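A.B. asks: show me how the following folds:
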Amino acid sequence: MTSLDKPTEDPQQDSRAVTEAALFEAFGGVRGMVETVVPGLLFVTIFTINKDLHWSAIAALAVSLLLVVVRLVRRDTVKHAFSGVFGVAFGVVFAMMTGNAKDFYLPGMLYTLGLAVA
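C.D. replies: Prediction:
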């Protein structure tokens, strides 16, 4: 085997793969990302269909709590599921206080703004 036939090792590529894996794990893997996305997506879908803020909020909270219960039953870590519940709860509180469904995403935007400023 000549030196041209040997695969080259790229330490930058290896560190990038490790960083991506750590980031993926920090979000709880596929399941954690699903638990983060599904309640908000459900809120938007239900509100788009029937324009009822209360039913949208109830459905999003119910799915979030159901995902926590599933994790508890399976004896998995509930860290990611609880963070989803708190995120949805804050969004629901903001939306219900203002009466505007767009404000469901306001806490997340404010959190991101705070991180950007910091």
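
A.B. asks: and the most centrally placed residue in the chain, what element?
C.D. replies: In the chain, the centroid-proximal residue (Cα atoms, centre = their mean) is Thr36; its distance is 2.6 Å. Using DSSP states H and E, Thr36 falls within helix 29-50.

A.B. asks: with just CA atoms, put that helix into CSV.
C.D. replies: Output of helix 29-50 as CSV, limited to C-alpha atoms (Å, rounded to 0.1, in the frame of the first residue of the first chain):
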residue,chain,number,x,y,z
GLY,A,29,-31.1,12.5,20.8
VAL,A,30,-33.9,11.9,18.4
ARG,A,31,-36.4,11.4,21.2
GLY,A,32,-35.5,14.6,23.0
MET,A,33,-35.8,16.6,19.8
VAL,A,34,-39.2,15.0,19.1
GLU,A,35,-40.3,15.9,22.7
THR,A,36,-39.2,19.5,22.0
VAL,A,37,-40.8,19.9,18.6
VAL,A,38,-44.1,18.0,18.7
PRO,A,39,-46.0,20.1,21.3
GLY,A,40,-45.2,23.3,19.6
LEU,A,41,-46.1,21.8,16.2
LEU,A,42,-49.3,20.5,17.6
PHE,A,43,-50.1,23.9,19.0
VAL,A,44,-49.6,25.6,15.7
THR,A,45,-51.5,22.9,13.8
ILE,A,46,-54.6,23.0,16.0
PHE,A,47,-54.6,26.8,16.1
THR,A,48,-54.3,26.9,12.3
ILE,A,49,-57.2,24.5,11.9
ASN,A,50,-59.8,25.9,14.4
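
A.B. asks: in stretch 55-75, what counts as buried?
C.D. replies: 56-57, 59-61, 63-65, 67-68, 71 (16 or more other Cβ atoms under 10 Å). No exception for glycine: its C-beta is placed from N, CA and C like everyone else's.
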